[in-house]
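Colleague: Make a model of this:
(chains A and B)
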Amino acid sequence: MLLPSDTAELALMVRDAHDRRAPLRIVGGGRWQAAGAAVATDATRLEVRRLAGIVEYVPGDLTLTARAGATLADVDDATAPHGQWCPVLPWGDDAASLGAVFATATTGPFERALGRPRDLALGLEFVDGTGATVRAGGRVVKNVAGFDLTRLLVGSWGTLGVITEVSVRLRARPAVDETWALAFDWSDEQALARRTSFERGPYAPLALRRLESRDCQALGLAADRTLLARLGGNGSFVAAARNALRNLGNAEACDASTWTRYRMVYDGHAPPNFAAALADPLSQRVRQQFDPRYILNRGIFGGRPE
Amino acid sequence: MLERPTELLVYENDALPGYHKRPRLAVFPGTRDETTAVVRALYRAGAAFVARGAGTGLSGGALADDVVLLGLQRLRRIIGIDVAARAAIVEPGVVNALLTRAATPFGLHYAPDPSSQSACTIGGNVAENAGGPHCLKYGVTLNHVLAATVLLADGDEVKLRTPSPPHVEYDLLGAFVGSEGCFGVALDITVRLTPNPEGVRTMLADFVSVESAARATSAIIAAGIVPAALELMDAATIQAVESSIYAAGYPVDAAAVLLVEVDGAEAGLDEDVRAVEQICGACGARGVRIASDPLERARLWQGRKKAFGAMGRLAPHLAVQDAVVPRTKLAPILAAIAEVGARRRVRVCNVFHAGDGNLHPNIPYNAGDPDEASRVEAAMREIMELCIAQGGTITGEHGVGLDKLAYMERLFPGDSLDAMCRLRDAFDPLRRANPGKVVPSHSCREWVGVTGRQTAP
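Modeller: Numbers count the residues shown, from 1 in each chain, chains lettered A, B, ... in the order given. Model (predicted):
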């Protein structure tokens, strides 16, 4: 196992693996092990967890730069005292590393209202498959200087480079933040129509999820079928949104921590299937440019066995 | 097709004064198939080309230096609007504002709104990752493009889309948006349409110092209010606008005004308006005016959107600048820019997207006066250096093109520029599409030869 303590050491390790054509398996917080099943079994683990800590946080800018091994909990601890958050809030727990969340582009229940990793990444630093250290993007909220390596790396599952640092856009936490559980007994069509119409109406929620019995039980909700809604904004907005929600049915107030638990129990995604990306010639050319010896997470995205 | 020098004259520049490049010839295909045929013929002939939309770009990005200019403005069909999916599919030459006009009957609009929206094309917007005042809340072009069919320089067609979760493909669309015509030509583009907000409030806050307007901007953002737009105009800009046909009723004795707009559900708007008023007041605003009807709102906006045009009256030429700084640095950077302007004896007009920290310090001048021209150039260089030193970037929405090439090496280390070259090489290994733009070619390691791909050393 390789456990570098900074970017320079990590770059030397990747360079060495490149020279020896030795495959590497990139590991952040170790929370996505199942997704890594496609990676070649003879790969050496390269763990980024010692690249920890916040590099820069200026609350007034609503931006934060952290090393890839910083956990979501670390980011939350830094931003919460200033009434801010990193709005990715992805599926899984807060022990996930920031680097892995962006490398896998994992979204969560708030993606529609608060953005996906591709919308929130301002820049990053990564070490490509030859051991070169690359800075992409920047730390400001608007930036079109050069080709967009940031978008390329987000969601590339460690196959184009090992992300070592991420700069993210933060948001202020909503002044008023309410969570409501609305038990329903509508038909599937009715449920879909009502949920869609609420989401698309003027009172766009932070999230509006339909929970089936398994999730309801896991969250300790009494009903079998529940709409779980999170409403955020200023006081007048949330009051109006709450009224509109209550027009749909009987809603009960819940604690915001319900969402933290929901992110951990949710299991609605199919396991990642990289087959289409494996076959795409343009994706293969990209991979070849950044990892010419196919050492990074070989098996994912055109990981050609040699 | 145009090839006579007199016909090509109008294609020698884009909207950024100061750069002129004569294309070898200009081709204007009328259909998608013609476009494909032209690009394939160019590939066979070994000829480089530059795609061009409406030519409203502000970085010299669409200039063709003795290569073929591929004009796409005839591809202006809105192929379809899917109201239920809130999306539209368009050809690259569709004019930005005409897409919004077509979506209006359905209560929708296309959110990115560059000031040139009455002329600029969606294809050009995608190439530049264009912004605009309302991108503060709604996001830039990147956040509104869902898919594109792209013709690569070798004539191959690829379909790119925004990956949906779980994200198991490279975000090649994200890489394509903002690639300034260097990765290929979009034949069709699928964009998100945004529902029109239930309510809008437009405010004009009036300040006696630029510094207090900048502080108010930072305070509004820090308070967690997300205005739809937050624009700053300084005294030089206000006076230029007010003495033009675009006069918007801005206070001519103000040192700066903030144009602040909040939108969304009616229920929450007045609370946001009160919060903005209070913050501006606490930062020293003389007053905050709220537009009382759509007409007044349109007038307040017209002054902002036509500000570059109004500056055109002050002098024969206008140096247009675009940079971004962290939002807490706005007040010191504006003070430093004013100092540079005074020392270099140039008149800086600031009009910009303050909420994003996206500066536009523009300088009207006479390019025919060599002394003045050199002072303007020196001032611009100093301003860019200041922005870089403050942790900012050299362009927020206009692109690198030709104009910012020299700054790329100040902003990025060699390995980063080389990585950008490699990304381009995956799309266009022979570098036939928009050659010589975005990344200085000497920054690219030459281990990929033009005759074929070699393996890495």
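Colleague: Quick check: buried residues in stretch B:272-285?
Modeller: B:272-273, B:275-277, B:279-280, B:283, B:285 (16 or more other Cβ atoms under 10 Å in any protein chain shown). (Each C-beta comes from the backbone N, C-alpha and C, glycine too.)
Colleague: give me the residue from the stretch 1-150 of chain B nearest chain A.
Modeller: Nearest residue of the stretch 1-150 of chain B to chain A (Cβ to the nearest Cβ) works out as B:Asn129 at 4.9 Å.
Colleague: Phi, psi for the nearest residue to that residue once chain neighbours are set aside please.
Modeller: Spatial nearest neighbour of B:Asn129, chain neighbours left out: B:Gly178 (3.2 Å); criterion: Cβ to Cβ, 6 or more residues apart in numbering or on different chains. Per-residue torsions, B:Gly178: phi 90, psi 10 (degrees, to the nearest 10).
Colleague: sorry, back to before: can you tell me which of the buried residues of stretch B:272-285 lies closest to chain A?
Modeller: Nearest to chain A out of those is B:Asp272 (Cβ to the nearest Cβ; 6.3 Å).
Colleague: Which residues are in contact with that closest one?
Modeller: A:234, B:201, B:225, B:227, B:262 (Cβ atoms under 8 Å, 6 or more residues apart in numbering or on different chains).
Colleague: List the residues that contact the residue nearest to B:Gly199 when sequence neighbours are not counted.
Modeller: Closest residue in space to B:Gly199, ignoring its immediate chain neighbours: B:Glu266 at 4.0 Å, by Cβ to Cβ, 6+ apart. Applying Cβ under 8 Å, 6+ apart to B:Glu266 gives the contacts A:202, B:198-199.
Colleague: Using CSV, lay out those residues together with secondary structure.
Modeller: Converted to CSV, these look like this (DSSP: H, G, I helix; E, B strand; the rest coil):
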residue, secondary structure
A:Pro202, coil
B:Glu198, coil
B:Gly199, strand
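Colleague: Most neighbours among those residues, which one?
Modeller: Counting neighbours by other Cβ atoms under 10 Å in any protein chain shown, A:Pro202 leads these with 18 neighbours.
Colleague: on that earlier part again, where does the residue of the stretch 1-150 of chain B closest to chain A fall, phi/psi-wise?
Modeller: Dihedral angles (degrees, to the nearest 10) for B:Asn129: phi 50, psi 60.
Colleague: what's it in contact with, if anything?
Modeller: Neighbouring residues of B:Asn129 by Cβ under 8 Å, 6+ apart: A:144, A:148, B:140-142, B:177-178, B:397, B:399.
Colleague: Kindly give a single ChimeraX line that selects the buried subset of the residues you listed.
Modeller: The ChimeraX command for the buried members of the contacts of B:Asn129 (criterion: 16+ other Cβ under 10 Å) is given here:
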select /A:144,148 /B:140,141,142,177,178,397,399
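Colleague: which one of the contacts of B:Asn129 sits closest to B:Glu12?
Modeller: Closest to B:Glu12 out of the contacts of B:Asn129 is B:Gly399 (18.5 Å), distances taken as Cβ to Cβ.
Colleague: And that closest one, what's its pLDDT?
Modeller: Listed pLDDT for B:Gly399 reads 97.
Colleague: Checking it next. Helix, strand or coil?
Modeller: Following three-state DSSP, B:Gly399 is assigned to coil.
Colleague: any idea how far B:Asn143 is from it?
Modeller: Distance, B:Gly399 to B:Asn143, using Cβ to Cβ, to the nearest Å: 17 Å.
Colleague: Equivalent analysis for A:Thr63, please.
Modeller: For A:Thr63, the distance to B:Asn143 equals 17 Å [Cβ to Cβ].
Colleague: Between the two ends of stretch B:205-216, how far is it?
Modeller: This stretch, stretch B:205-216, spans 10 Å end to end (Cα to Cα, to the nearest Å).
Colleague: is it anywhere near chain A?
Modeller: No - Stretch B:205-216 does not reach chain A (Cβ under 8 Å from any Cβ of the partner chain); its nearest approach is 10.2 Å.
Colleague: Work out the gap between that stretch and the centre of the chain.
Modeller: In this view, stretch B:205-216 has its centroid 25 Å away from the chain centroid, taken as Cα atoms, centre = their mean, to the nearest Å.
Colleague: before we move on, what about stretch A:103-122?
Modeller: Relative to the centre of its chain, stretch A:103-122 is centred 6 Å away, using Cα atoms, centre = their mean.
Colleague: since we're on residue 214, how many residues are nearby?
Modeller: Answering for chain A, as no chain was given. A:Arg214 has 11 nearby residues by other Cβ under 10 Å.
Colleague: actually chain B
Modeller: 27.
Colleague: separation between it and B:Pro413?
Modeller: 31 Å.
Colleague: With neighbour numbers in mind, choose between A:Thr63 and B:Asn143.
Modeller: More crowded of A:Thr63 and B:Asn143, by other Cβ under 10 Å: A:Thr63, with 25 against 19.
Colleague: beta partners of that one?
Modeller: Note on A:Thr63: beta-bridge partners A:Val58, A:Arg169, judged by DSSP bridges.
Colleague: Got the confidence number for it?
Modeller: 97.
Colleague: what kind of secondary structure is A:Glu252 in?
Modeller: Secondary structure of A:Glu252, per three-state DSSP, is strand.
Colleague: so what's it up against?
Modeller: Taking Cβ under 8 Å, 6+ apart, we find A:Glu252 in contact with A:180-183.
Colleague: at 7 Å instead, please
Modeller: A:Glu252 makes contacts with A:180-181, as judged by Cβ atoms under 7 Å, 6 or more residues apart in numbering or on different chains.
Colleague: just the one 4 residues further on next, same as before
Modeller: Taking Cβ under 7 Å, 6+ apart as the contact definition, A:Ala256 lies against A:177, A:179.
Colleague: Would you format the buried residues of stretch B:272-285 as a markdown table with pLDDT included?
Modeller: Converted to a markdown table, the buried residues of stretch B:272-285 look like this (pLDDT from 0 to 100):
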| residue | pLDDT |
| --- | --- |
| B:Asp272 | 96 |
| B:Val273 | 97 |
| B:Ala275 | 97 |
| B:Val276 | 98 |
| B:Glu277 | 98 |
| B:Ile279 | 98 |
| B:Cys280 | 98 |
| B:Cys283 | 97 |
| B:Ala285 | 97 |
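Colleague: Reformat these as a markdown table; add secondary structure.
Modeller: Formatted as a markdown table, the buried residues of stretch B:272-285 follow (three-state DSSP):
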| residue | secondary structure |
| --- | --- |
| B:Asp272 | helix |
| B:Val273 | helix |
| B:Ala275 | helix |
| B:Val276 | helix |
| B:Glu277 | helix |
| B:Ile279 | helix |
| B:Cys280 | helix |
| B:Cys283 | coil |
| B:Ala285 | coil |
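Colleague: Can you read off the pLDDT for residue 207?
Modeller: All of this refers to chain A. Looking at A:Ala207, its pLDDT reads 97.
Colleague: that answer is for a different chain, and I need it for chain B
Modeller: Reported pLDDT for B:Phe207: 98.
Colleague: Good, we can wrap up now.
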